[in-house]
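Student: let's see this in three dimensions:
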Amino acid sequence: MAVILASSSPRRRQLLRQAGIKFLSRPAGVDESLRAGETVEAYVRRMAREKARNAAERSLPGSLVLGADTAVEIAGQILGKPRNVNDAKRMLRLLSGKSHRVLTGICLLRAPGHIDALRHETTEVTFLPLSEEEIRRYVATREPFDKAGGYGIQGLASKFVRRIDGCFFNVMGLPLPLVYDLLRALPEWRNR
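Tutor: Next up, the predicted model:
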């Protein structure tokens, strides 16, 4: 049984392949605006659920859909994907020399709309202090632009990470151990 991944993220696809989880990719288009007063936990869970629902609408009844959404939170600010060069630099300045949280919401939904699981994973990441020149050079690589918080731990920004506490794969955008644990709890995934 293949999972329908409600995402076009190359990192999420890579992680599922790496874990041997069969999937079909069905990107979901949803409004990712933050609601007034919404916590980062509520935001990533809502986004994961909305992405899963969007993909489920275009799937056969009974299909198992996986929605995921990642955000970075530092000092009460929620950082999504940078909008432009200046936004990416702003995010990296905020992260420089400090710890932040990376949260990924996960939703397993059975089409057309039954939610089997809705959870989130949290990982704390600590950055080295970054100079303006380091920030400028990193942003010039274009790597920050499709990543929450403006960096990819698995890429060029790996050298900025002093420490992580929690799931490394969560920082890449898909907490594999959580996803696997949720899948294996489903009757059709047992003994696979």
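Student: average model confidence for the lengthiest helix in the chain?
Tutor: In terms of residue count, the longest helix belonging to the chain (DSSP state H) is helix 40-56. In this model, helix 40-56 has an average pLDDT of 96.
Student: try stretch 128-139
Tutor: On average, stretch 128-139 scores 98.
Student: what do you get for stretch 72-82?
Tutor: Stretch 72-82 shows a mean pLDDT of 93 in the predicted model.
Student: got the CA coordinates for that stretch in CSV?
Tutor: Taking C-alpha atoms only, stretch 72-82 is exported to CSV below (Å, rounded to 0.1, in the frame of the first residue of the first chain):
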residue,chain,number,x,y,z
VAL,A,72,10.7,27.5,12.8
GLU,A,73,10.0,29.4,16.0
ILE,A,74,12.4,31.7,17.7
ALA,A,75,11.5,34.1,20.5
GLY,A,76,7.8,33.9,19.7
GLN,A,77,8.2,34.5,16.0
ILE,A,78,7.2,31.9,13.5
LEU,A,79,9.5,31.6,10.5
GLY,A,80,8.2,30.0,7.3
LYS,A,81,10.0,30.1,4.0
PRO,A,82,11.8,33.4,3.1
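Student: where's it relative to the chain centroid, distance-wise?
Tutor: Relative to the chain's own centre, stretch 72-82 is displaced by 13 Å; criterion: C-alpha atoms, centre = their mean, to the nearest Å.
Student: ok, stretch 124-142 next?
Tutor: Stretch 124-142 has its C-alpha centroid displaced from the chain centroid by 20 Å (C-alpha atoms, centre = their mean).
Student: that stretch: end-to-end distance?
Tutor: Taking C-alpha to C-alpha, to the nearest Å as the measure, stretch 124-142 stretches 24 Å from start to finish.
Student: check stretch 72-92 too.
Tutor: One end of stretch 72-92 sits 11 Å from the other (C-alpha to C-alpha).
Student: from the contact counts, what lies against the top strand by length along the chain?
Tutor: Determined from DSSP state E, the single longest strand within the chain is strand 114-127. Under the contact definition 3 or more C-beta pairs under 8 Å, 6 or more residues apart in numbering; DSSP states H and E, strand 114-127 sits against helix 40-56, strand 99-110, strand 161-165, helix 168-172, helix 176-184. For glycine as for every other residue, the C-beta is placed from the backbone atoms N, C-alpha and C.
Student: rebuild those as JSON lines, extending it with distance to residue 10 and mean neighbour count.
Tutor: Listed next are the helices and strands packed on strand 114-127 as JSON lines, based on distance: least, C-beta to C-beta, whole Å; neighbours: other C-beta atoms under 10 Å:
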{"stretch": "helix 40-56", "distance to residue 10": "16", "mean neighbour count": "23"}
{"stretch": "strand 99-110", "distance to residue 10": "16", "mean neighbour count": "23"}
{"stretch": "strand 161-165", "distance to residue 10": "20", "mean neighbour count": "13"}
{"stretch": "helix 168-172", "distance to residue 10": "10", "mean neighbour count": "22"}
{"stretch": "helix 176-184", "distance to residue 10": "15", "mean neighbour count": "17"}
